[in-house]
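K.L.:
Sequence plus the predicted model coming up.
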Amino acid sequence: MSRIGRRPVSLPPGVTATVTGSRILVKGPKGELSHQLHPELSARVEESRVVVERPSDSARHKALHGLSRTLVANMVEGVTGGYSKQLEIVGVGYRAEAKPYGLALHVGFSHPVEVHAPPGIRLTAEQPTVVKVAGSDKALVGQVAANIRALRPPEPYKGKGIRYSGETVRRKAGKTGAK
């Protein structure tokens, strides 16, 4: 099994972490994030490092240990650099417009689809066919990007729809027209 949980998470300059009970709070230049650790695990801050500890070497505790350490590392990375996902809109007349509340997507429906940005997430339309989702919470950025993609997933015949940047869509051959 992985021993990733034993490695301490180092805190870069400008980032602070506080542990109260089983809740950890990380503050940095891009905001603050908090996470509730599993009740059986514990964490402590020492010399600008966060150390997550497990009570035993059972398989369940090892799994929770690695997960919790990775979640804390993701929080530290989020408040320093942030996370972003880029989506591409493919199709004739398909486009996105930036609005004060988030985005208005024109993706083949009779009406524009409004996407409201949750707190801590920035939605931008750099070009009419490129949407960027950015924020400090890795899970929330991924979830918002998945929700936008689910509005019009890429279809296999013409490839129209919303896809992740760099995603390849498996294309299917159409009808053969046999008599």
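P.N.:
Here it is on my side, so go on. Bear in mind that the values here come from a model prediction, so they are computed numbers and not experimental data.

K.L.:
From here on, just use CA atoms for contacts and neighbour counts.
P.N.:
Will do.

K.L.:
Quick one: low-confidence residue ranges for this structure.
P.N.:
1-2, 178-179 (pLDDT under 70).

K.L.:
Show me which helix runs longest in it.
P.N.:
helix 59-80 (DSSP state H).

K.L.:
what's the neighbour count on Gln36?
P.N.:
Gln36: 13 surrounding residues under other Cα atoms under 10 Å.

K.L.:
Oops, could you answer that again for Val76 instead?
P.N.:
28.

K.L.:
Over to Pro153?
P.N.:
Neighbours of Pro153 using other Cα under 10 Å come to 17.

K.L.:
Please apply the same query to Ile121.
P.N.:
19.

K.L.:
Can you show me the strands along this structure?
P.N.:
For the chain, the strands defined by DSSP state E occupy 9-10, 16-20, 23-28, 31-36, 42-45, 49-53, 83-90, 95-99, 102-106, 113-116, 121-127, 130-135, 161-164.

K.L.:
Can you lay out those strands as TSV showing distance to Ser68?
P.N.:
Below are those laid out as TSV (distance: least, Cα to Cα, whole Å):
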stretch	distance to Ser68
strand 9-10	11
strand 16-20	13
strand 23-28	11
strand 31-36	9
strand 42-45	9
strand 49-53	7
strand 83-90	19
strand 95-99	36
strand 102-106	32
strand 113-116	30
strand 121-127	23
strand 130-135	20
strand 161-164	27
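
K.L.:
Between those strands, which one is closest to Lys62.
P.N.:
strand 49-53 (9.7 Å; Cα to Cα).

K.L.:
still on that earlier bit, I'd like to know which of the strands of the chain lies nearest to Lys172.
P.N.:
Evaluated with Cα to Cα, the strands of the chain place strand 161-164 nearest to Lys172, the distance being 15.0 Å.
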